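> Could you work out the structure for the sequence below:
(chains A, B, C and D)
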Number of protein chains: 2
Amino acid sequence: MLLRIDMTSDTPIYQQIRNEIVFGIAKGDTKPGDSLPTVRQLANDIGVNPMTVNKAYALLKEEGIIVINRRSGAQISDYGMIGNAFDRDFDQRLKLLLSEACMKGASKQDIKKHIADLIDLVCD
Amino acid sequence: MLLRIDMTSDTPIYQQIRNEIVFGIAKGDTKPGDSLPTVRQLANDIGVNPMTVNKAYALLKEEGIIVINRRSGAQISDYGMIGNAFDRDFDQRLKLLLSEACMKGASKQDIKKHIADLIDLVCD
DNA sequence: TGTTTGTATTATACTATATAATACAAACAA
DNA sequence: TTGTTTGTATTATATAGTATAATACAAACA
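Residues are numbered from 1 along each chain as shown, chains lettered A, B, ... in the order given. I've put the predicted structure just below:
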């Protein structure tokens, strides 16, 4: 479990941890049933406070992305069951991205092409 | 100039103001050369402190989206000249969205279709 | 000259983030 | 049972971001 964390980023560390795990799942590197490192282990690897990792795990748990057994630690859940992929928050963030690209002069075709390329990069 | 601001949102107000203006430009409601309300006027309309609006304007100016003449106020700049629409930050945010959709079980085709629909909604 | 503009300054309050040091109940191995 | 590891709760502290508030000032223009 190697997570790329940028300490200088505006994005909070616990959020980055959560995102990196999402990336791993989407790419297929991490699959349902796979175990995550313990809170203390991951905190030690990254070099942050255990409570920061705990916050990331709590967030993932709340989202239904992982399940936590007190002893065996955290495992990737059956994330296919979570619900609608395109909820309001998702659409809001997506609309903002599309608008920014549009505003900067990218054509609709440019955007679609660019996204199609990225999908193959990040999705399994 | 009607901006929809959500006071209960986690997104900072100055950020929401900036985003709403971006939406307006992408959709074609606001065009290069168009004037924005004065800092005090917009602050009064929305019901926030003038310095909050000023922060949004300063951000838009830094991004090259508006130009500011001390007397005549803020105007939409020729945003086509800003640079590459797909910079590192843009791709990072886009990858996260695509990964989340993938993780939740959406197929690549689903995602492309959904995005194609949204593009027509938000872009001119 | 006088008014409006964006902007700078200073102060205050609140919240989020992160670290730190403990502590505790649950789960399991011995 | 006993002992260890797990996630988690608690409390305290420090820092930074956000927002408001009250002024003040230089630039632009009628």
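> Determine which residue of chain A is most distant from the centre point.
A:Gly105 (29.0 Å; C-alpha atoms, centre = their mean).
> Pull up the gap between that one and B:Asp78, please.
Per C-beta to C-beta, to the nearest Å, A:Gly105 is found 10 Å from B:Asp78. In this view, the C-beta of every residue, glycine as well, is placed from N, C-alpha and C.
> what do you get for A:Arg40?
For A:Arg40, the distance to B:Asp78 - C-beta to C-beta - is 54 Å.
> Within range of DNA strand C, give me the residues from chain A.
For chain A, the residues found near DNA strand C under the criterion C-beta under 7 Å from any atom of the strand are A:12-15, A:48-52, A:55, A:69-72.
> what do you get if the cut-off is 6 Å, keeping everything else the same?
Contact residues (C-beta under 6 Å from any atom of the strand) of chain A with DNA strand C: A:Pro12, A:Ile13, A:Tyr14, A:Val48, A:Asn49, A:Met51, A:Thr52, A:Asn69, A:Arg70, A:Arg71, A:Ser72.
> Skipping adjacent residues, who's closest to A:Tyr57 in space?
A:Ala74 (5.7 Å; C-beta to C-beta, 6 or more residues apart in numbering or on different chains).
> what about the one you found, how many neighbours?
Using other C-beta atoms under 10 Å in any protein chain shown, A:Ala74 has 21 other residues around it.
> any idea how far the residue farthest from the centre of chain A lies from DNA strand C?
24 Å (C-beta to the nearest atom of the strand, to the nearest Å).
> Give the helix, strand or coil label for that residue.
coil (DSSP: H, G, I helix; E, B strand; the rest coil).
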